[in-house]
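> task: produce atomic coordinates for the following.
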Amino acid sequence: MTAPSLIGVDLSFDRGGRTILDGASLSIGAGEIVALLGANGSGKTTLLRLLMGFLRPARGRVFLDGAPLEKLRRRAIAQKIAYVAQIHAAPFPYLVRDVVALGRLPAKSWLAAANAHDEACVEDVLRRLRISHLADRPYTEISGGERQLAIIGRALAQGAEILVLDEPMTGLDYGAQLRLIALLRQLAAEGRGVVMSTHHPEHAHWACDRVALLEWGQISEEGAPGDVLTAAAIERLYGVKVETLETEAGRKAFAPLLLG
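Residues are numbered from 1 along each chain as shown. So this is what the prediction gives:
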């Protein structure tokens, strides 16, 4: 694995007297995609928010390029890490172009007007996500999946080295999911590091270099998708039996066995 640029070490977090995470560690290196899988309520979002510095761990620390995250200013973090939340609201009818352009804010002073470079970045993101046709439509008047792509676009426009994506496939149709997987692979090839939570083992197998399974507040398994994503692991995570299917090209998929 390449030298990691974002590392969470022995992270623990409690809420309302309940332990959410208990010594979970996860690292993301430049040029790799890491998938985080776990059942609902397993703590995936909490772990990602700890990595972003939005929550403070009860124990453990997060390091960004070797520096303790808690020592860094939010602006400095935003210049290096971009985040796509699982849930986002649309309080104002901004145009999609303007939503994506918000991602340029950490790279400039708050009062500076957009320049030609900012506009070129926004146009490039719209093109790469295939949402240029939505650019001048109000964000509040497009579909949920289209909003998700706009929010992903805002994160990409930051130009950050690390992308932290909490279930980025939410609301996307099948084609958009596959195109996003291809785009994430391109971004990794360009040197970006990506960590994403997902409930789709196939996506993790196709897109990711490394997979981490979150169970009982800890990373129970971590490694190459072909080693970690087994029928037994999926049954343990989600409580369902599946069979593993493999194509001649070596791609895996999982088919549920009939539920009794």
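> residue 132 contacts residue 126, correct?
Yes - here residue 132 reaches residue 126: they are 4.5 Å apart, a contact under CB atoms under 8 Å. C-beta here means a position set from N, CA and C on the backbone, and glycine is covered the same way.
> looking at the two, which is more packed in?
residue 126 (22 against 14; other CB atoms under 10 Å).
> the more buried one against residue 100, yeah?
Yes - between residue 126 and residue 100 there is a contact under CB under 8 Å: 6.3 Å.
> overlap of the contact sets of the two?
Residues touching both residue 126 and residue 100 (CB atoms under 8 Å, 6 or more residues apart in numbering): residue 153.
> where does the stretch 151-260 of the chain have low pLDDT?
Within the stretch 151-260 of the chain, the stretches with pLDDT under 70 are 258-260.
> ranges for the helices of it?
174-189, 201-207, 225-228, 231-238 (DSSP state H, counting those that start in this stretch).
> next, the buried residues of the longest one.
If you call a residue buried by 16 or more other CB atoms under 10 Å, then helix 174-189 has these buried ones: 176, 177, 179, 180, 181, 183, 184, 185, 187, 188.
> possible to save the residues you listed as a markdown table with distance to residue 14?
Below are the buried residues of helix 174-189 laid out as a markdown table (distance: CB to CB, whole Å):
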| residue | distance to residue 14 |
| --- | --- |
| 176 | 37 |
| 177 | 34 |
| 179 | 39 |
| 180 | 34 |
| 181 | 35 |
| 183 | 37 |
| 184 | 32 |
| 185 | 37 |
| 187 | 34 |
| 188 | 34 |
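> farthest pair within the residues you listed?
Greatest spatial distance in the buried residues of helix 174-189: 176 and 188, 18.7 Å, computed using CB to CB.
> residues in contact with the helix or strand harbouring residue 124?
Applying DSSP states H and E as the criterion places residue 124 in helix 116-128. Residues outside helix 116-128 that contact it (CB under 8 Å, 6+ apart) are 96-97, 100-101, 103-104, 107-108, 132, 134-135, 153, 156-157, 159, 183, 186.
> for PyMOL, what selects the buried ones among those residues?
With 16+ other CB under 10 Å as the criterion, this PyMOL line picks the buried residues out of the contacts of helix 116-128:
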select buried, resi 96+97+100+101+103+104+107+134+135+153+156+157+159+183
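> list the buried residues in the helix holding residue 124.
Of the residues in helix 116-128, those with enough neighbours to count as buried (16+ other CB under 10 Å) are 118, 121, 122, 125, 126.
> how far away is the residue nearest to residue 78 when sequence neighbours are not counted from residue 228?
Sequence neighbours aside, residue 106 is the residue nearest to residue 78 in space, at 3.8 Å (criterion: CB to CB, 6 or more residues apart in numbering). Relative to residue 228, residue 106 is positioned 34 Å away (criterion: CB to CB, to the nearest Å).
> and residue 78, by the same measure?
To residue 228, residue 78 is 31 Å away according to CB to CB.
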